[in-house]
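Visitor: sequence-free structure coming up:
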C-alpha cells in the first residue's frame with residue numbers, strides 16, 4: 001500500500017512498502033513522487049497521471065514536474081529516479097494540444113522554452129534516471145524519455161517524434177538528443193517522416209536499452225526498470241553519480257578533455273568513506289554497506 005499525504009503543492013508524497021504492480025493515481029495531482037522502501041530503497045518514482053489527456057504536458061503538469069525534479073536534486077537519499085505512467089497504455093502523448101490551441105502566439109515560445117528547460121533539468125540530475133515506457137510516448141513524451149540515462153520499453157509501446165505532422169518541429173530537445181542516441185541519418189528519417197516505432201523496433205536502433213514483453217497488468221517496462229534500479233542502488237552512490245558526470249560531460253568534448261573530466265571525477269571518490277568500505281568489504285568477503293559518504 002501507498003502511505004503518505006499530499007503536499008500543498010499538489011504533489012503526492014508517499015512510500016511503497018512493497019513493489020507495486022500498478023500505481024496509484026491521484027485525482028488532485030498530475031505528478032506523484034513516491035520513495036520506495038525495502039528491496040528498492042533509494043529509488044524515487046515520478047508517476048504521471050492525467051488519464052483524460054493521456055498524460056499530455058499541460059501548464060500544471062509541467063509545474064509539478066519541475067517541482068518534483070527540484071525536490072530530488074539535492075536529496076542524497078535518492079540514488080535512482082524512475083519515471084513511469086500511472087495511466088494504463090500511455091506514457092505521455094506529448095504536448096496538450098487543446099491547451100496549446102488556446103495560447104496566444106506570443107505565449108507558445110515561452111511555454112516550449114520552459115518545457116525544454118525542465119527536460120534539461122531532468123537530464124542534469126546527479127543520480128541516474130530511468131524511464132519505463134509501457135505505452136505511447138510521442139512528441140514531448142519521447143523528448144522527456146530521451147533526456148533519461150536509460151530507457152526501458154514494453155514491446156507494445158509506441159515511440160515517435162511526430163511534430164512535423166503538425167507543421168512544427170520537436171521543440172524540447174528532440175532534434176538534438178535523438179541524433180546523439182541513434183545517429184544523425186536515422187534521427188532525420190524518424191523526424192522527417194514522423195514515424196512511430198514499437199518497443200522492439202526502438203530497441204533495434206538503440207533508442208531504448210531494453211524491450212520486454214508486455215504483461216497482463218501493463219507494467220512490464222516498469223518492473224524491468226525497477227530491476228535495473230535495484231542493481232544500481234547496490235553500488236556506491238557517489239561513484240555512480242561521478243560516473244554519470246564523467247560520461248555525460250565527456251561526451252560533449254574531445255577525448256583529451258574527456259579524460260581530464262574523468263580524472264577530476266575520480267579525484268572526488270578517493271577521499272570518500274564509501275571507497276574504504278568497498279575495499280574493506282572485498283577483503284572481508286562481505287557485501288559493502290554504502291552510505292554516500
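Guide: On my side now, so go ahead. Since the structure is predicted, the reported quantities are computational estimates derived from the model, not experimental observations.
Visitor: if I look at residue 269, how far off is residue 236?
Guide: 8 Å (C-beta to C-beta, to the nearest Å). Where C-beta positions appear, they are placed from N, C-alpha and C, glycine not excepted.
Visitor: which one of the two has more residues nearby?
Guide: More crowded of residue 269 and residue 236, by other C-beta atoms under 10 Å: residue 236, with 22 against 16.
Visitor: follow-up on the earlier one: any residues in contact with both of residue 269 and residue 236?
Guide: Residues touching both residue 269 and residue 236 (C-beta atoms under 8 Å, 6 or more residues apart in numbering) are residue 275.
Visitor: where is the longest helix in the chain?
Guide: When the chain is parsed with DSSP state H, its longest helix is helix 105-123.
Visitor: could you give the angle of the helix or strand just after it to helix 105-123?
Guide: Sequence order places strand 129-133 as the next helix or strand after helix 105-123, per DSSP states H and E. Here strand 129-133 runs at an angle of 120 degrees relative to helix 105-123 (axes from the mean of the first three to the mean of the last three C-alpha atoms, to 10 degrees).
Visitor: which other residues reach strand 129-133?
Guide: So strand 129-133 is contacted by 80-85, 91, 122-123, 144-145, 147-154, 157, 159, 199, 208, 219, 221-222, 224-225, 228-229 (C-beta under 8 Å, 6+ apart).
Visitor: rewinding a little: output the contacting helices and strands for the longest helix of the chain.
Guide: Judged by 3 or more C-beta pairs under 8 Å, 6 or more residues apart in numbering; DSSP states H and E, helix 105-123 is in contact with helix 59-73, helix 140-146.
Visitor: what helices and strands are in contact with the shortest one?
Guide: Identification of packing neighbours for helix 140-146 by 3+ C-beta pairs under 8 Å, 6+ apart yields strand 90-92, helix 105-123, strand 129-133, strand 158-160, helix 174-182.
Visitor: just checking, what packs against the following helix or strand past that helix?
Guide: Downstream of helix 140-146, the first helix or strand assigned by DSSP H and E is strand 150-154. Contact here means 3+ C-beta pairs under 8 Å, 6+ apart; on that basis strand 150-154 packs against strand 129-133, helix 199-204, strand 210-212, helix 220-233.
Visitor: what comes into contact with the shortest one?
Guide: Defining contact as C-beta under 8 Å, 6+ apart, one finds that strand 210-212 is touched by 150-155, 199-200, 202-203, 220-221, 223-224, 228.
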